[in-house]
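In: A predicted structure for the sequence below; I have some questions about it.
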Amino acid sequence: MENPEEGGAVEKIGSGKYRVRELEMVQIIVRIRNRKARDVKLFLRIQPMFDHGNGKADCHLKEVLAVNGQPQTILPKIKERSEYVHCLPVCFLAGGHFTFACHAERTEDQDEALAAVESVPSTGSGSGIFQGSTVHVEVTTQL
């Protein structure tokens, strides 16, 4: 996750955890790495959820989250041993705790599992390795 402009709207507060300002446009960045010896075609799904803090999460976010793009998309073919970066600009319209679950699915019949595909939410400098990734975001009115 990163702020497209210099201004510090994003603060990393832990592994996969960020604090952002309300009403600031930020980027959810997902890196898909193909470590296979062949090209892959994937469907990327980024599912934003609002955590109510009582064990319940809400996926209907039209009043608290503005998304500028498609959270579900078919990616271009990713060449063998290369990566693709997908950016999803979002703006948090209300404070609270949000979770973004990210994963990639095969779009064509393939015999082998895609264990070599990893998605990495990023601040530009951080890294992580996971096939199904989750990013937690705490939205505040100020940092």
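Out: In hand now; what should we look at?
In: Leaving out the residues flanking it, which one is nearest to Ile32?
Out: Tyr84 (4.9 Å; Cβ to Cβ, 6 or more residues apart in numbering). C-beta here means a position set from N, CA and C on the backbone, and glycine is covered the same way.
In: distance between the helix or strand hosting that neighbour and the chain's centre?
Out: Following DSSP states H and E, the helix or strand that holds Tyr84 is strand 82-92. Relative to the centre of its chain, strand 82-92 is centred 7 Å away, using Cα atoms, centre = their mean, to the nearest Å.
In: in that strand, what counts as buried?
Out: Buried residues in strand 82-92, counting neighbours by 16 or more other Cβ atoms under 10 Å, are found at Tyr84, His86, Leu88, Val90, Phe92.
In: Paired strands for the next helix or strand after it, with orientation please.
Out: Beyond strand 82-92 in the direction of the C-terminus, DSSP H and E gives the next helix or strand as strand 96-106. Based on DSSP bridges, the pairing partners of strand 96-106 within the sheet are strand 42-51 (antiparallel), strand 133-140 (antiparallel).
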